[in-house]
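Novice: Return a 3D structure for these sequence lines:
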Amino acid sequence: MLQTVFIRENREKVIEALGKRGLDATEMVDEVIALDEKRRSTQVELDTVLSESNKLSKDIGGLMKAGEKEKAMLLKEKTGQLKEQSKDLGDELNRVSEELQQLLYKIPNIPADIVPAGKTADDNEEVYSEGDIPALFEGALPHWELAKKYDIIDFELGTKIAGAGFPVYKGKGARLQRALITYFLDKNTEAGYKEYQVPHLVNEASGYGTGQLPDKEGQMYHVGMDDMYLIPTAEVPVTNFFRDVIVQENELPVLCTAYTPCFRREAGSYGAHVRGLNRLHQFDKVEIVRVEHPDNSYAALDGMVEHVKMLLQELKLPYRILRLCGGDMGFTAALTYDFEVFSTAQDRWLEISSVSNFETFQANRLKLRFRDKDGKNQLAHTLNGSSLALPRVLAGILENYQTPEGIVVPEVLRPYTGFDIIN
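Specialist: Numbering: from 1, shown residues only. This is a model prediction of the structure:
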């Protein structure tokens, strides 16, 4: 959530920056400024009434002590009027403040200066690529056919149990999945991230804290009876560790990692691009989250990008990195880099990680602050990234590592799987 004072003092900058997202925010920004003016003037009026009421209460006490009861009663009548006035002003202040808050929830983060303007993924910028795309043998198969051939993922069984988009991993497929999770967690903890196991359900406040609500409400699974949400990513519970927290400056940075299943309705997703593991309603992901000093957050973002690059280098998968344009970037992000692996059998790129800096956007919602050297509280910066999302990584391994004899397991994973080929 953008800070009201920032919007008020940087109106043109905010409107111009949100234009990179293809959004004309002029009306919303001006409404925020008008509501903030109303809120502030109402607060001043309320403070004046309360101050006058307090003064009269003291005067009444003095008059009563002096035996001037009649004058005291006149002032009591006046304080009664002031109390009624203060109640009305308080109600108005709460109404305006709530209206302002709800409007702020609808305004996305402003993109960083280096974010390109654009509306769709076609406007993203490729900033890096590495790895050779393997030449597959004649008769090579896409991963959903390989899964069936080697009996390692059962999509039909998942559909029977829950519905489309809920696969069942079997035998060596399940072990390879577990190997990837453990490998990613090990690499993250070696890099200084502290591992957590977190709830897979969160309350509404947590959804608002990281920006999934109200923006992504239609994409989240809602448990209505308990008013809880299945998490779309570990980012939500992990970042909410720090809701309403003041961190000491010398405690920064804070580095966290967690594995969770992730649940997304993916409403409106259909077609050939969602086949197999390409798009699921439940999938596994290992996440990294950082709380940083504002002066260090972009260096931290670069470090996170290098960390994910290292994982893909060790897996020996061809990949590229995209700097997302404003229109393709998530609601909460100031800058996002997407990683994509090349699916040779499908002849297309598959997104497997997003690494983002949210600057103060989430911290403002969370009231996540740090106390600086001067004892002043400032909003921290939050960052997160996938390291990594498993379904498309697994799809890339199955397709790019297939041979006529079977699917070779990447060397770095063999200590975790206990086997070197799926056949």
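Novice: how about the helices in the chain?
Specialist: For the chain, applying DSSP state H gives helices covering 4-9, 11-19, 26-65, 69-105, 143-149, 155-161, 171-190, 204-210, 235-239, 297-315, 361-366, 390-400, 414-417.
Novice: which one of those helices lies closest to Val247?
Specialist: helix 361-366 (10.2 Å; Cβ to Cβ). Any C-beta I mention is one placed from the backbone N, CA and C, and that applies to glycine too.
Novice: and the helices of the chain as a markdown table, adding mean neighbour count?
Specialist: As requested, the helices of the chain are exported to a markdown table (neighbours: other Cβ atoms under 10 Å):
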| stretch | mean neighbour count |
| --- | --- |
| helix 4-9 | 15 |
| helix 11-19 | 17 |
| helix 26-65 | 15 |
| helix 69-105 | 14 |
| helix 143-149 | 20 |
| helix 155-161 | 14 |
| helix 171-190 | 18 |
| helix 204-210 | 21 |
| helix 235-239 | 26 |
| helix 297-315 | 18 |
| helix 361-366 | 25 |
| helix 390-400 | 26 |
| helix 414-417 | 15 |
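Novice: For the closest residue to Leu398 other than its chain neighbours, which residues are in contact?
Specialist: Once flanking residues are discounted, Leu398 sits nearest to His143: 4.2 Å by Cβ to Cβ, 6 or more residues apart in numbering. Neighbour list for His143: 276-277, 343, 345-346, 394-395, 398-399 [criterion: Cβ atoms under 8 Å, 6 or more residues apart in numbering].
Novice: okay, those residues in JSON lines with pLDDT and distance to Ala25 next?
Specialist: JSON lines is the format used below for the contacts of His143 (pLDDT from 0 to 100; distance: Cβ to Cβ, whole Å):
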{"residue": "Gly276", "pLDDT": "92", "distance to Ala25": "39"}
{"residue": "Leu277", "pLDDT": "94", "distance to Ala25": "37"}
{"residue": "Ser343", "pLDDT": "91", "distance to Ala25": "37"}
{"residue": "Ala345", "pLDDT": "88", "distance to Ala25": "43"}
{"residue": "Gln346", "pLDDT": "90", "distance to Ala25": "38"}
{"residue": "Leu394", "pLDDT": "97", "distance to Ala25": "40"}
{"residue": "Ala395", "pLDDT": "96", "distance to Ala25": "38"}
{"residue": "Leu398", "pLDDT": "97", "distance to Ala25": "44"}
{"residue": "Glu399", "pLDDT": "96", "distance to Ala25": "42"}
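Novice: so Val245 sits right up against Leu368, yeah?
Specialist: Yes. Judged on Cβ atoms under 8 Å, Val245 makes contact with Leu368 at a distance of 5.9 Å.
Novice: and these two? which has more neighbours close in?
Specialist: With neighbours defined as other Cβ atoms under 10 Å, Val245 and Leu368 compare such that Leu368 has more, 25 against 16.
Novice: confidence score at that one?
Specialist: For Leu368, the pLDDT comes out at 98.
Novice: ok, it to Arg178 distance?
Specialist: Per Cβ to Cβ, to the nearest Å, Leu368 is found 33 Å from Arg178.
Novice: for the stretch 201-350 of the chain, what spans make up the strands?
Specialist: Listed in chain order, the strands of the stretch 201-350 of the chain (DSSP state E, counting those that start in this stretch) span 201-203, 222-223, 228-230, 246-248, 254-263, 282-292, 319-323, 335-343, 348-359.
Novice: what comes up buried for the longest one?
Specialist: Along strand 348-359, these residues count as buried under the neighbour rule (16 or more other Cβ atoms under 10 Å): 349-350, 352-359.
Novice: ok, back up a step: can you put the strands of the stretch 201-350 of the chain in a markdown table and add distance to Ala174?
Specialist: What follows is these, written out as a markdown table (distance: least, Cβ to Cβ, whole Å):
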| stretch | distance to Ala174 |
| --- | --- |
| strand 201-203 | 24 |
| strand 222-223 | 27 |
| strand 228-230 | 22 |
| strand 246-248 | 39 |
| strand 254-263 | 14 |
| strand 282-292 | 11 |
| strand 319-323 | 25 |
| strand 335-343 | 21 |
| strand 348-359 | 20 |
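Novice: mind checking which of these is nearest Met1?
Specialist: The closest of those to Met1 is strand 348-359. By Cβ to Cβ, the value is 10.3 Å.
Novice: Return the angle between stretch directions for the closest one and strand 282-292.
Specialist: 30 degrees (axes from the mean of the first three to the mean of the last three Cα atoms, to 10 degrees).
Novice: Okay, now the sheet partners of strand 348-359, with direction.
Specialist: strand 335-343 (antiparallel), strand 381-389 (antiparallel) (DSSP bridges).
Novice: Output the first one as CSV, restricted to C-alpha atoms.
Specialist: Spelled out, that is strand 335-343. Output of strand 335-343 as CSV, limited to C-alpha atoms (Å, rounded to 0.1, in the frame of the first residue of the first chain):
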residue,chain,number,x,y,z
LEU,A,335,10.5,-4.5,-9.6
THR,A,336,10.3,-8.2,-10.7
TYR,A,337,12.6,-10.5,-12.5
ASP,A,338,11.1,-13.7,-13.9
PHE,A,339,13.1,-16.8,-14.5
GLU,A,340,12.0,-19.2,-17.3
VAL,A,341,13.3,-22.6,-18.2
PHE,A,342,13.1,-23.9,-21.8
SER,A,343,10.8,-26.8,-22.3
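Novice: Next, the angle strand 319-323 makes with it.
Specialist: Using the same axes, to 10 degrees: strand 335-343 against strand 319-323 is 150 degrees.
Novice: Can you get me a residue count around the nearest residue to Val254 once chain neighbours are set aside?
Specialist: Computed as Cβ to Cβ, 6+ apart, the closest residue to Val254 that is not its neighbour in sequence is Val291, at 4.1 Å. Per other Cβ under 10 Å, the neighbour tally for Val291 reads 26.
Novice: Next: Asp244.
Specialist: 11.
Novice: Quick one: residues contacting it.
Specialist: So Asp244 contacts 366-368 (Cβ under 8 Å, 6+ apart).
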